[in-house]
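1. This is a predicted model, with the sequence first.
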Amino acid sequence: MKLSKSPWLLHYDASSCNGCDIEVLAATTPRFDVERFGIINTGNPKHADILVITGGVNNQAKSVVKQIYSQMPEPKVVVAAGICACDGGIFKDCYNIMGGVDKVIPVDVYVPGCAVRPEALIDGVVKALAILDQKRDAMKSHAACEINYDKNSDTKEKNQA
Amino acid sequence: MSNRSVVPFGPQHPVLPEPIHLDLVLEDEVVVDAIPSIGFVHRGLEKLVEVKDFNEMAYVAERICGICSYGHGFGYCDAVEHIMNIEIPPRAQYLRTILFEMSRLHSHMLWFGLLADGFGFESLFMDAWRIREKLLDMLEEATGGRVIFSINKIGGMRRDIPKEMLKSFRQRLEDLTEDLKVTVRTLLEDPAVKSRLSGVGVLTADEVETLGAAGPFLRGSGIRRDSRKLGYLAYDDIDFDIITHNDGDTYARTYVRAMEILQSVDIIKQAIEKTPAGEVDVPVKGFPNGEYMTRIEQPRGEACYYVKANGKKFLERMRVRTPTFANIPALTASLRGSELADIPILILAIDPCISCTER
Amino acid sequence: MENIWKDITEETLLNEVQVLRADKYRLVQQCARKTEEGNYELLYSFGKGYDAEHLKFQVAPGQSVQSISHIFPPAFLYENEIHDLFGIEIKDITLDFRGGLYRTAVKAPFA
């Protein structure tokens, strides 16, 4: 079973004007219904596979964003929703804005727009799902290597001795 | 003996679409004090007056908040128009009124859904947002945007709303009314809803006034004040009453907002009926020089826009006081004495808008 | 609806505010701006019903201002904001965040 069939989504507002945030919420409601991809909106980072993040990230939100990202289990994907999350947007010149989520955590998918349109966001999330699967496959092959490594651990110790 | 403990609430919390942090001081389950801590969405956009000229600032002002964006754009334009002695044409006054009420309507429906979700009534949340989409469709047809409209400019509107479109809005609102009534009734008359909302977070009329609260928070404690009665735009020619409730609890605040949903539909219909023909903008010459403070009624309460200009292309200062900023002292007062489990509802009942608060 | 603009001084601020309080006014907003001469102009707005009264006064850089939060309780938020954005010291705020309200990347960005 692929992880992308039932991913859980976490949303955080990192200093946006909340226009994108209400569009993220709108994407979960009947007209756009992102839940038809098996996605559930969760409030707990430790349950989440996809982080949808809005806003240009200010000084105070920086540590919160890092904290939330580190609490999410691997594999995980980050979707930057809206132009502010992509590069700071209209607030780029503000003294308190870092200018984009990728200044703080790695971003997998950029969805521009002011505000981001729900259709575009769904498109971005679906792209993120494919990346999530790739990351999981990579982890699997990585895990397989580790098991092989363990099998040879005796020889390794002998070599070192 | 009771135990005293401090529980941090937020900034990332399931019921909050936006970040705010509260330190809740508890004695067992009861909150004895709440200390707010904000700044997670402070961008500092008031300082953008140094790099964006007074025309561009209208679009920055709109982005103070994505929910009350229309009002922010209008409030800023109104302040500059006063400084420059610009009288906008009557048709623009009416169209601005119509769009303002539409934006109030979509904002209230948004709050309505979030509140329902806050106490676990998810189907009502989905229903409110389903109806809201129909309102957004109209706003999109008229302005081109769902969230940020950018239709106001200094001197009027960027584009007209054709007569046929207004007629179709009238019809579509008529068709929506029954839906809206059923939804509002579900919220106000459901015994489960009543049991969650009644008697919690009570503030008297004296308390809300002293603590400087605004909007439905104020009117829910029986104070009859609505800045729309200041008579800006076309509100003087429209017949509407100020909705109040005397209980001062969370139910009263909910009642005021819910009834305002139906009232807004009525205001829009009246305004469409009376909209005169004519131009929607006047030419603007020169740069503003002077100062002015506009006060308008946003969905969350009174908002103030202070503009100081000195005859140059770039303003000297633009300052916005938003209703949620004014509501914070009263909000923390309403939390005192309530149980921890009620905190999310109490916060949602004032319809907080954090990006407005911090700008 | 009336809009009164009044120029006062820092010395008479508390008296003026006391009078407004006794007259059952409410606090609407407090803000500051930097003047072209490099001083700070503070603007305090009060309301009663639909009427508004705005008090304006100037302070020099480095000069401190007395808080009005013991007269109008909600003033504590506005005063902390003025302190954080302009670096103006405001004395005796009932709930003083000591520069911790906005925690901006640049200290006193409007100064």
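-> In hand now; what should we look at?

2. pLDDT weak spots in chain A?
-> Within chain A, the segments meeting pLDDT under 70 span A:1, A:144-161.

3. close to chain B, is the longest helix belonging to chain C?
-> Longest helix in chain C by number of residues (criterion: DSSP state H): helix C:75-86. Yes: using Cβ under 8 Å from any Cβ of the partner chain, we find that helix C:75-86 touches chain B at C:Phe76, C:Leu77. In short, each C-beta sits where N, CA and C put it, glycine included.

4. tell me what that helix is packed against?
-> With contacts taken as 3 or more Cβ pairs under 8 Å, 6 or more residues apart in numbering or on different chains; DSSP states H and E, helix C:75-86 sits against helix B:323-335, strand C:26-34, strand C:90-91.

5. now that helix and strand C:26-34, what's the angle there?
-> Angle of helix C:75-86 versus strand C:26-34, following axes from the mean of the first three to the mean of the last three Cα atoms, to 10 degrees, is 10 degrees.

6. Quick one: distance of helix C:75-86 to the chain centre.
-> Helix C:75-86 has its C-alpha centroid displaced from the chain centroid by 8 Å (Cα atoms, centre = their mean, to the nearest Å).

7. From the rest of the structure, what touches that helix?
-> B:325, B:328-329, C:27, C:29-32, C:34, C:40, C:42, C:67-69, C:88-90, C:93-97, C:99, C:101-104, C:108-111 (Cβ atoms under 8 Å, 6 or more residues apart in numbering or on different chains).

8. Mark which of those are buried, thanks.
-> Neighbour-count burial (16 or more other Cβ atoms under 10 Å in any protein chain shown) applied to the contacts of helix C:75-86 gives B:325, B:328-329, C:27, C:29-32, C:40, C:42, C:67-69, C:88, C:90, C:93, C:96-97, C:101-104, C:109-110.

9. From C:Ile90, how far out is the residue nearest the centre of chain C?
-> Centroid-nearest residue in chain C, with Cα atoms, centre = their mean: C:Gln30, separated by 4.3 Å. The gap separating C:Gln30 from C:Ile90 is 10 Å, by Cβ to Cβ, to the nearest Å.

10. cool, B:Ser221 as well?
-> Note on B:Ser221: its distance to C:Ile90, by Cβ to Cβ, is 29 Å.

11. ok now do residue 32, which residues does it touch?
-> The chain I'm using is chain A. Residues near A:Phe32 by Cβ under 8 Å, 6+ apart: A:Ala26, A:Pro118, A:Glu119, A:Ile122.

12. if you could check chain C rather than the one you did, that'd help
-> C:Ala32 neighbours (Cβ under 8 Å, 6+ apart): C:Tyr40, C:Glu41, C:Leu42, C:Leu43, C:Ile82, C:Leu85, C:Phe86, C:Ile88, C:Phe110.

13. still on that earlier bit, dump the helices and strands packed on helix C:75-86 to JSON lines, plus mean pLDDT.
-> Conversion of the helices and strands packed on helix C:75-86 to JSON lines gives the following (pLDDT from 0 to 100):
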{"stretch": "helix B:323-335", "mean pLDDT": "88"}
{"stretch": "strand C:26-34", "mean pLDDT": "90"}
{"stretch": "strand C:90-91", "mean pLDDT": "87"}
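
14. Reformat the ones you listed as a markdown table; add distance to B:Leu166.
-> Output for these, formatted as a markdown table (distance: least, Cβ to Cβ, whole Å):
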| stretch | distance to B:Leu166 |
| --- | --- |
| helix B:323-335 | 29 |
| strand C:26-34 | 35 |
| strand C:90-91 | 50 |
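
15. who in the stretch 251-359 of chain B is up against chain C?
-> Taking Cβ under 8 Å from any Cβ as the measure of proximity, the stretch 251-359 of chain B contacts chain C at B:293, B:295, B:302, B:304, B:306, B:308, B:310, B:316-317, B:319, B:321, B:325-326, B:328-330, B:358.

16. Is there a quick ChimeraX command that grabs whichever of those are buried?
-> Applied in ChimeraX, the following selects the buried portion of those according to 16+ other Cβ under 10 Å:
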select /B:293,295,302,304,306,308,316,317,319,321,325,326,328,329,330,358
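
17. Please flag which of the residues of the stretch 251-359 of chain B next to chain C sit within helices.
-> Counting by DSSP H, the part of those found in helices is B:Phe325, B:Ala326, B:Ile328, B:Pro329, B:Ala330, B:Glu358.

18. and the second one, what does it touch?
-> By Cβ under 8 Å, 6+ apart, B:Ala326 lies in contact with B:Gly212, B:Ala213, B:Ala214, B:Gly301, B:Glu302, C:Val28, C:Gln29, C:Pro74.

19. what would these look like in a markdown table with distance to chain A?
-> Output for the contacts of B:Ala326, formatted as a markdown table (distance: Cβ to the nearest Cβ, whole Å):
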| residue | distance to chain A |
| --- | --- |
| B:Gly212 | 23 |
| B:Ala213 | 21 |
| B:Ala214 | 19 |
| B:Gly301 | 17 |
| B:Glu302 | 20 |
| C:Val28 | 24 |
| C:Gln29 | 21 |
| C:Pro74 | 23 |
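
20. Most neighbours of all those, which one?
-> Within the contacts of B:Ala326, neighbour counts (other Cβ atoms under 10 Å in any protein chain shown) peak at B:Ala213, which reaches 31 neighbours.

21. Please report how far that residue lies from B:Pro344.
-> B:Ala213 is 19 Å from B:Pro344, by Cβ to Cβ.

22. and what of B:Arg172?
-> According to Cβ to Cβ, B:Arg172 stands 34 Å off from B:Pro344.

23. Tell me which of the two has more neighbours.
-> B:Pro344 (18 against 15).

24. near chain A, anything from the helix or strand hosting the more buried one?
-> Taking DSSP states H and E as the criterion, the element that holds B:Pro344 is helix B:343-349. No: judged by Cβ under 8 Å from any Cβ, helix B:343-349 stays clear of chain A, getting no closer than 10.9 Å.

25. Summarise which helices and strands that helix is packed against.
-> Counting contacts by 3+ Cβ pairs under 8 Å, 6+ apart, helix B:343-349 packs against helix B:90-118, helix B:191-197, helix B:250-274, helix B:323-335.

26. Go through the second one and flag the buried ones.
-> Meaning helix B:191-197. For helix B:191-197, by 16+ other Cβ under 10 Å, it's B:Val193, B:Arg196, B:Leu197.

27. Just to check, the second one is in contact with B:Leu348?
-> No: distance between B:Arg196 and B:Leu348: 11.0 Å, which falls outside the contact criterion (Cβ atoms under 8 Å).

28. which helix of chain A spans the most residues?
-> helix A:118-151.

29. wait, what's in contact with whatever residue of chain A ends up closest to chain C?
-> Closest contact between chain A and chain C, by Cβ to the nearest Cβ, is at A:Asn59 (4.0 Å). Applying Cβ under 8 Å, 6+ apart to A:Asn59 gives the contacts A:Asn96, A:Met98, C:Arg103, C:Thr104, C:Ala105.

30. so how many other residues sit close to the last one?
-> Read it as C:Ala105. The tally of other residues near C:Ala105 (other Cβ under 10 Å) stands at 17.

31. ok, so of the contacts of C:Ala32, who is nearest chain A?
-> Nearest to chain A among the contacts of C:Ala32: C:Phe110, at 9.2 Å, using Cβ to the nearest Cβ.

32. Many thanks, have a good one.
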